[in-house]
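**Student:** Here's a sequence, model it:
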Amino acid sequence: MNFRNLLRSLFGALAFIAMVGCAKSDSGLPSAPPDAAALSPDTTLRVHWLGKRRMELRMGSYYLMRLWQLPASDSLQNRTLARLAAAPAGWLETPPQRAQIANELLARALKDVVLEECYLEVRQPANQPAALAVAVHLDLDRVGNWETNLANIVGLLAGEWPKPLTNSVRGWSLHRPQSSQLLQFQRVNDWAVFGAGAETNAVFSETCDRIRKYRDPFAAMTSTNWLEADLAPSRLADAFSFSARGAGGEVRGEVGAKIVSSLSHVSLAVSGDGANILTSARLTFPRPLQLEGGPWTIPTDLIPEPLDSFTAVRGVRPWLSSLKIADEPAFATAPDQVYFWSLPGKDSQAYFAAPLPDARDQVNHLTEHLLAKANPWLATNGYVQFARLPDGNGVSWGTMPTIRPFLRFANTTSGGAVFGGLLPDTTPGTNTLDNIYQRPSRARLFEAAMAPTNLVYYDWELTPTRVEPCFYIGQVARVVSRHAQLPADAPSLAWLRTVQPRLGTSTTIITCTGTNQLSFSRKSSLGFTGAELQLLADWVESPQFPAGLYSLLTPPPTRP
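**Tutor:** Model (predicted):
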């Protein structure tokens, strides 16, 4: 069995669990000491999942469980696990008859992974192959089923059957000398432990030893978190890269090398307060962050009330300076702060503003640049071209009445700004259904954004009012880029329509907590914003799931 494909399957299962056992019995064993959970220097990924069954017993997960127990949620979960279970057979080109049996067995195992407490760790010492261990906490009958079923899954997919262990150890192993790989399984108390890697798998041995020694081997009882994860993104890039061909072209879901290499460590924790999901993360970078952190200059004149969302971000000058149009810099002097907001009523009423001392000159520069450089390419590839706005201040693109991106100069009390959006009409809509939701005042949002001195990013949104606009904008973007549209009757979208009216607000805060460290915190109904929920649906609907996105089925035209 290809080790990378095995990693893909396990990572896809745990990624699905992060987005959407029974209580331990008293075994008489001692609890694990605090240092038992310490990370190995070679760990590239570690995930501890409490399990849906144990989450149901915690008050902090009350509202999430109500959403998760909806028939639409159960249906989507079963469909997603079935598709995830079928992925390894597709990657390994397993014959159909064997694949069907393996897929059914693997789908049952993945459902256990969702329901019960489990632990995954991947290690890769320098200049050595990666190794992993997966432990799932089950009742004794289910551990026995796992021993048999997982051996059958490996045999059906790999074409080689494991051999039972000796010396009174319950389990099996499959040694593949041609690839120096060893797959192994052990029943340890009421845990099923699976390992894959080289002939000497330290993480598998340590995981089994920890379960033998401690009543609570992964310190779940001392934590209020449902999910905890540590990962080294740059070291995982190769192990979790995806590439698959679909009808219409090559589909790639590879993490961009530049993005991945810019992070040395990420820690994540997910818990709840009964009504909301609480997500926190710490991102560590290999080099000091070049964040200017100047005073906020919110263009209050441009932002009306009421709002469906408001975002403030600073420290983005280095990234914006790298943006190019036809191989030339988009900005002569890039802004360091950008603000985004959306209004109720019309799906495309989403706007941004970037304060700049020379904003008028920058808009004139961008206008001439787009007309001279972008229009020839648009005309050659059959697109509508940019046109000057009637008053000569900036440009707009397209002729649709419901969405027409624009860019212009705006003069505010805090100074000049580059102002743009998806619809020139900036008057808030009058959708009466929006009146059932309570929104904080504009002043309160501004105050929340400016209060922390180390704030880098602040985002507030009324998620139920953002789901549909994000879908509409996404569909338009797919049409414009000549990618496949997400089917309106897709199961994941049907689920979104079911949970949408049950969602509340989402608040995300990112602060700079060290010279090379950012801290992330979010309070939300489902753990995701409206845009992220649409991206999640796009991913789940991919024909190559868990690889790629549905919207990448048809490649866009090649740019010059």
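**Student:** the residue most distant from the middle of the protein, which is it?
**Tutor:** Using Cα atoms, centre = their mean, the residue of the chain lying farthest from its centre is residue 167. It sits 44.0 Å away.
**Student:** what about that one, which helix or strand?
**Tutor:** Counting by DSSP states H and E, there is no helix or strand that carries residue 167.
**Student:** and what of residue 492?
**Tutor:** For residue 492, the host element (DSSP H and E) is helix 491-499.
**Student:** For that helix, what is the distance to the chain centroid?
**Tutor:** 18 Å (Cα atoms, centre = their mean, to the nearest Å).
**Student:** Can you check my assumption that residue 372 lies in a strand?
**Tutor:** No: if the criterion is DSSP: H, G, I helix; E, B strand; the rest coil, then residue 372 is helix and not within a strand.
**Student:** For it, the count of nearby residues, please.
**Tutor:** 12 (other Cβ atoms under 10 Å). C-beta coordinates here come from the backbone N, C-alpha and C atoms, glycine included.
**Student:** Also residue 126?
**Tutor:** The number of residues packed near residue 126 is 6, by other Cβ under 10 Å.
**Student:** My reading is that it lies in a strand. Confirm?
**Tutor:** No: looking at residue 126 with three-state DSSP, it is coil, so not inside a strand.
**Student:** Now it: closest residue in space, sequence neighbours ignored.
**Tutor:** residue 42 (7.9 Å; Cβ to Cβ, 6 or more residues apart in numbering).
**Student:** One more: residue 463?
**Tutor:** Among residues not flanking residue 463 along the chain, residue 503 sits closest, at 4.4 Å (Cβ to Cβ, 6+ apart).
**Student:** quick one: that neighbour and residue 355, what's the gap?
**Tutor:** For residue 503, the distance to residue 355 equals 32 Å [Cβ to Cβ, to the nearest Å].
**Student:** Residues touching the helix or strand just after the helix holding residue 492, excluding its own?
**Tutor:** Under the assignment DSSP H and E, the closest C-terminal helix or strand after helix 491-499 is strand 505-514. Applying Cβ atoms under 8 Å, 6 or more residues apart in numbering, the set of residues contacting strand 505-514 from outside is 282, 284, 289, 291, 293, 315, 452, 454-463, 518-525, 528-529.
**Student:** Out of those, which sit inside helices?
**Tutor:** Those of these mapping onto helices are residue 463, per DSSP state H.
**Student:** Just the ones in strands from the contacts of strand 505-514, please.
**Tutor:** 282, 284, 455-462, 518-524 (DSSP state E).
**Student:** Buried members of the residues you listed into PyMOL, please.
**Tutor:** Buried members of the ones in strands among the contacts of strand 505-514, defined by 16 or more other Cβ atoms under 10 Å, are picked up in PyMOL with:
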select buried, resi 282+455+456+457+458+459+460+461+462+518+519+520+522+523+524
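**Student:** Residue 316: how many residues sit nearby?
**Tutor:** 18.
**Student:** Distance check, it against residue 211.
**Tutor:** Between residue 316 and residue 211 the computed distance is 46 Å (Cβ to Cβ).
**Student:** coming back round to it: please report phi then psi for the residue farthest from the centre of the chain.
**Tutor:** Residue 167 adopts backbone torsions of phi 60, psi 40, taken as degrees, to the nearest 10.
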